[in-house]
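K.L.:
Got a predicted structure plus its sequence, pasted below:
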Amino acid sequence: MARAGAVVRGCLELMGQEVRPGITTRELDRLAEKYIRSQGGIPTFKGYRGFPGSICASPNDMVVHGIPGKVRLREGDILGVDVGVTVEGYIADAAMTFPIGEISEEARRLLRATEESLMKGIEQCRVGNRVGDISHAVQVHAESHGYSVVQSMVGHGVGRDMHEDPQVPNFGPPHQGPELREGMVLAIEPMVNAGGYQVEMGEDGWAIYTRDGSLSAHFEHTVAITNSGPRILTNATAVRG
Ligand code: MG
């Protein structure tokens with residue numbers, strides 16, 4: 001899974017270099033697929049329940065699950081990019097939301113607070129804690145900035161399948177839910193809206209939008225629970241150890 005995570009990370013770094021005003025999300029998808037395969041990985045999302053892309057590319061008020069296509073990025077947009085990679089049957093999954101050129105201070109604040117919420121959740125990934133400790137830490141941090149967390153989609157265990165137990169909500173009371181044990185691996189993924197928490201599905205049956213049209217950001221890491229604390233598998237391009 002760490003090897004898969006390194007490819008995910010490399011792909012997100014590539015996306016960070018390539019996102020710019022004028023590029024389409026389809027072009028990003030092609031670059032991502034080529035990179036993932038060049039590293040010996042398989043793009044996990046491609047073909048998943050019929051999803052056509054190797055990445056999810058979700059601009060502005062789209063929360064997640066955007067099908068890459070004709071959307072041409074413009075200065076001031078934000079773009080969520082979610083990447084899953086399978087290496088030798090094991091999966092890692094991560095996402096980042098990128099600024100396209102110069103973005104508003106409002107958008108910058110949302111990106112920063114969402115990424116911080118993810119890191120607050122990861123800090124709770126300790127043996128003996130419970131899933132609710134992650135959920136609560138994410139929610140408290142996002143809401144302290146006046147934002148809301150999406151409730152109808154959640155993080156998840158990850159391993160040989162992309163979505164395994166337990167579910168990892170981005171909201172809820174602490175000290176509840178399954179206990180965290182050594183060797184568990186979780187994909188933690190706050191989806192944070194600048195406005196209300198409500199979302200709705202687009203006409204393609206995939207894309208999820210904020211109901212009020214507010215901006216939404218998404219950051220995700222695949223994190224292993226170890227006796228020495230959380231080990232983020234998707235933040236290094238070289239495998240450790
Ligand atoms: Mg995920």
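P.N.:
Yep, it's here. The shown structure was predicted, so the numbers you read here are calculated from the model rather than taken from an experiment. Residues are numbered from 1 along each chain as shown.

K.L.:
what does the protein have sitting close to the ion?
P.N.:
Asp93, Ala187, Glu189 (Cβ under 5 Å from the ion). The C-beta positions use only the backbone N, C-alpha and C, and glycine is treated the same way.

K.L.:
Check this structure for its longest helix and report it.
P.N.:
Counting residues, the longest helix found in the chain (DSSP state H) is helix 105-123.

K.L.:
coming back round to it: now tabulate the residues of the chain next to the ion in JSON lines and tack on pLDDT, neighbour count and secondary structure.
P.N.:
Output for the residues of the chain next to the ion, formatted as JSON lines (pLDDT from 0 to 100; neighbours: other Cβ atoms under 10 Å; DSSP: H, G, I helix; E, B strand; the rest coil):
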{"residue": "Asp93", "pLDDT": "97", "neighbour count": "30", "secondary structure": "strand"}
{"residue": "Ala187", "pLDDT": "98", "neighbour count": "27", "secondary structure": "strand"}
{"residue": "Glu189", "pLDDT": "98", "neighbour count": "26", "secondary structure": "coil"}
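
K.L.:
Just the buried residues of the longest helix of the chain, please?
P.N.:
107, 110-111, 113-122 (16 or more other Cβ atoms under 10 Å).

K.L.:
repeat for stretch 202-220
P.N.:
Buried-residue list, stretch 202-220, by 16+ other Cβ under 10 Å: Trp206, Ala207, Ile208, Tyr209, Thr210, Ser214, Leu215, Ser216, Ala217, His218, Phe219, Glu220.

K.L.:
what ranges of this structure fall below the confidence cut-off?
P.N.:
Residue ranges of the chain with pLDDT under 70: 237-241.

K.L.:
Please enumerate the helices of it.
P.N.:
Going by DSSP H, the chain shows helices at 2-18, 25-38, 105-123, 131-144.

K.L.:
so which of those is the most packed in?
P.N.:
Neighbour counts (mean count of other Cβ atoms under 10 Å) averaged over each of the helices of the chain peak at helix 131-144, with a mean of 23.

K.L.:
one step back: could you say what helices and strands the longest helix of the chain packs with?
P.N.:
strand 78-87, strand 90-99, helix 131-144, strand 185-188, strand 191-193, strand 216-218, strand 221-226, strand 229-232 (3 or more Cβ pairs under 8 Å, 6 or more residues apart in numbering; DSSP states H and E).
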